[in-house]
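# Task: produce atomic coordinates for the following.
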Amino acid sequence: MTLGDEIRGHLPFLRRYARALTGSQQHGDNFVHTLLEVIVAAPEEFGHGPDTRIALYRAFHRIWESAFIADGEGSDEEDALVRAANRRLARITPLARQILLLTALEGFSTEEAAAITGTDTATVEALLAEAVGDLDRETRTSVLIIEDEPLIAMELEAIVRGLGHEVAGVATTHEDAVAAFEDTDAGLVLADVQLADGSSGIDAVQDILARAPVPAIFITAFPERLLSGNCVEPTFLISKPFRENTVRAAISQSLLFTPELAA
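The predicted model follows:
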């Protein structure tokens, strides 16, 4: 198997991580593209070994770390949501943010996250607790849940309320979701992809975003289908079955890109 074959299967999920880390499909994909250029130019330095996935994320970490230090506040042309998020991200160290996503969103263990970021397990655990605590304290909003499975909807409601947010409503179809959003002041949308009447949660979110620029999190059994590069931005994806910590982390991360909360 070639190095390209080893890497290919991990790219959709690395792109998901990059999007969540940067808050932008374009910015995230640019980082991934840079990583691939580096690997192609010097494959012998990639050091893939027995676990290609860890090696790939470790290489991405090195690129992100150097770029973050160099970029500072960003250019005047930077997207307004990204600038707003940067004001909140400045309150959380870059390493803590990466560890939060690596463990809660990407499913790495604390030991694996330590290997990726070049630190130790104790540091990872401390930074993870710091990041989750900071985000939970600072972020409060109302959440619209688009989910046609009652038990899953109830579980999501419990997670949302456990984080201190309000549930703006629960919708099971595209039409109901748009109507519910228009009747509330929801600051975040959690959306399934396949809805009760066969309608699309993706289409529902697109219609909602045409009305207001709220962040959206897709929850689906087939995340790779939404990682084609044509999704709503910023894209946050959670695989079913999901873990509570994954949903918590995704909610906190997505709300970084809400101007009213990030100011």
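# Please make it C-alpha for all contacts and neighbour counts, starting now.
Will do.
# What's the separation between the closest residue in space to T103 that isn't next to it in sequence and F60?
Excluding its sequence neighbours, the residue lying closest to T103 (Cα to Cα, 6 or more residues apart in numbering) is S109, at 6.0 Å. Distance, S109 to F60, by Cα to Cα, to the nearest Å: 17 Å.
# repeat for G198
Relative to F60, G198 is positioned 38 Å away (criterion: Cα to Cα).
# So if I had to pick from the two, which one is more boxed in?
F60 (21 against 10; other Cα atoms under 10 Å).
# Wait, that one touches D29, no?
No - applying Cα atoms under 8 Å, one finds F60 not in contact with D29, separated by 11.5 Å.
# Could you list the domains of the chain?
Domain assignment of the chain by automatic domain parsing yields the ranges 3-136, 139-245.
# Please identify the most buried of those domains.
domain 139-245 (a mean of 18; mean count of other Cα atoms under 10 Å).
# Run through the strands of the stretch 1-150 of the chain in chain order.
Ranges of strands within the stretch 1-150 of the chain are 142-146, based on DSSP state E, counting those that start in this stretch.
# For it, which segments count as helices?
With DSSP state H, counting those that start in this stretch as the criterion, the stretch 1-150 of the chain has helices at 3-8, 11-22, 25-41, 52-71, 80-89, 94-100, 110-117, 121-138, 150-162.
# for the stretch 151-263 of the chain, same thing?
So, for the stretch 151-263 of the chain - with DSSP H, counting those that start in this stretch - the helices run 174-182, 201-209, 244-255, 259-262.
# Could you dump the ones you listed into CSV and include mean pLDDT and distance to Q98?
Putting the helices of the stretch 151-263 of the chain into CSV (pLDDT from 0 to 100; distance: least, Cα to Cα, whole Å) gives the following:
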stretch, mean pLDDT, distance to Q98
helix 174-182, 96, 31
helix 201-209, 92, 27
helix 244-255, 80, 11
helix 259-262, 50, 18
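# Which stretch among these approaches L102 most closely?
Relative to L102, the nearest member of the helices of the stretch 151-263 of the chain by Cα to Cα is helix 244-255, separated by 10.1 Å.
# So which elements touch that closest one?
In terms of contacts (3 or more Cα pairs under 8 Å, 6 or more residues apart in numbering; DSSP states H and E), helix 244-255 is packed against helix 121-138, helix 150-162, strand 216-220, strand 235-239.
# Go ahead and name everything in contact with the last one.
Defining contact as Cα atoms under 8 Å, 6 or more residues apart in numbering, one finds that strand 235-239 is touched by 16, 19-20, 23-25, 105, 216-223, 246-247, 250, 254.
# low-confidence ranges in the stretch 1-150 of the chain?
Confidence mapping of the stretch 1-150 of the chain against pLDDT under 70 gives the ranges 1, 47-50, 68-93, 135-139.
# Now do S199, the pLDDT please.
Listed pLDDT for S199 reads 91.
# which residues does it contact?
Contact partners of S199, counting by Cα under 8 Å, 6+ apart, are T173, H174.
# how about 6 Å then?
Applying Cα atoms under 6 Å, 6 or more residues apart in numbering to S199 gives the contacts H174.
# Next, find the distance separating it from L156.
20 Å.
# and V38, how far is that from E45?
9 Å.
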